[in-house]
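Peer 1: Predicted model and sequence below, questions to follow.
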Amino acid sequence: MFSFCSDPASLEGLQWLSCYLTTGKHLSFYMSFGTVLLLLAVAAPSALLFGFGGAMAARARFAPLSWIGRGYIAIVRGVPDIAFFMFFVIALDQGIEYLRHKVKCPDWDQPIRQGNDFLVCDIAKMPLGDSPQWIHETYGFTIAVVTFAIVFGAFAANVLFGAMNAVPRAQIETAEAYGMTHRQAFWRILVPQMWTFALPGLSNLWMVLIKATPLLFLLGVEDIVYWARELGASKTARFTDYPHGDWMMWYFLGLLVFYLLFTKVSEVALDRITNRLSHGQATLAGEAQRKAA
């Protein structure tokens, strides 16, 4: 990036460090922080949407739909996150390729499953082998987002299901007595009030989601953990222009500071949202606000 970086071997001190920290790999490392933030920005509302759908299904009066909602919550919550992440990513990827294979290669006469190998025709692979690198990265990131949304959506569904049940039943009955339909009472009475009861659980879930972002590394996405491990490992002059010892501890210390600062900012924001939603509500937080006033 700097003009004096043309000959790294002649550099010392701060000049060497400034050139080292502005290499192409380090720029990719800095951009990977954006990847993590983008994951949170997309996965959080997606998980909330899955959770809201799961909670509504679990409360449904139609028994089979209720079984599906409760089963979704129970199955995903009962499986370790890492096991589900590794299974679902492979299953989803192979499922997409299987469907494309059936459509694009109907004349294929060989078995798709051959021992431990999963073989489909070249034009059915996702993404295609000759696709640009950004398509491969976007596809992997999309699979990761879907996986995060489904896993954390089950936890969100459990929180929202409990929050819906926490809203006093008398309020729903009063709304229906005034002529509201069951649907109107749900959207106008139950949903607006449930967020007060759901927010503490959703706040904890948000913190867990932040701490789970290093799982991107297991899914093959070049996130901050990948680059910290790649850049921090010992390098010799044979493999790089900027040789150094094992600096992995310092890179992961930087990640520690990043996550601590991010969670602190999240705590402040969530506290403000909680205070705003608790105003006038029949909850402990709302009661505390009334006494303070």
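Peer 2: Looks like it arrived, so ask away.
Peer 1: all contacts plus neighbour counts: C-alpha atoms, from now on.
Peer 2: Noted.
Peer 1: List the buried residues for stretch 16-30?
Peer 2: In terms of neighbour count (16 or more other Cα atoms under 10 Å), stretch 16-30 has its buried residues at 16, 19-20, 23, 28-30.
Peer 1: what's the lowest-pLDDT member of those?
Peer 2: Within the buried residues of stretch 16-30, Trp16 has the lowest pLDDT, namely 75.
Peer 1: For that residue, which three-state class applies?
Peer 2: At Trp16, secondary structure determined by DSSP: H, G, I helix; E, B strand; the rest coil is helix.
Peer 1: gap between it and Pro243?
Peer 2: 11 Å (Cα to Cα, to the nearest Å).
Peer 1: cool, Arg188 as well?
Peer 2: Applying Cα to Cα, the value for Arg188 to Pro243 is 63 Å.
Peer 1: just Ile96 next, same as before
Peer 2: In this view, Ile96 and Pro243 are 43 Å apart by Cα to Cα.
Peer 1: what's the helix or strand for Met207?
Peer 2: Element membership for Met207, per DSSP states H and E: helix 191-212.
Peer 1: Then Gln110?
Peer 2: Going by DSSP H and E, Gln110 is not in any helix or strand.
Peer 1: Report how many residues lie close to it.
Peer 2: Neighbours of Gln110 under the rule other Cα atoms under 10 Å: 10.
Peer 1: residues in contact with stretch 264-272?
Peer 2: For stretch 264-272, contacts defined as Cα atoms under 8 Å, 6 or more residues apart in numbering pick out Ser203.
Peer 1: ditto for stretch 156-163
Peer 2: 47-48, 50-56, 58-59, 73, 194-198, 201-202, 205.
Peer 1: likewise stretch 180-199?
Peer 2: Applying Cα under 8 Å, 6+ apart, the contact partners of stretch 180-199 are 159-160, 162-164, 166-167, 171-172, 175-176, 274, 277-278, 281.
Peer 1: where do the helices sit along the stretch 51-200 of the chain?
Peer 2: Secondary structure of the stretch 51-200 of the chain (DSSP state H, counting those that start in this stretch): helices at 63-78, 81-104, 133-166, 169-177, 182-185, 191-212.
Peer 1: Can you tell me what sits against the first one?
Peer 2: The one in question is helix 63-78. Outside helix 63-78, the residues within contact range by Cα under 8 Å, 6+ apart are 54-60, 84, 151, 154-155, 157-158.
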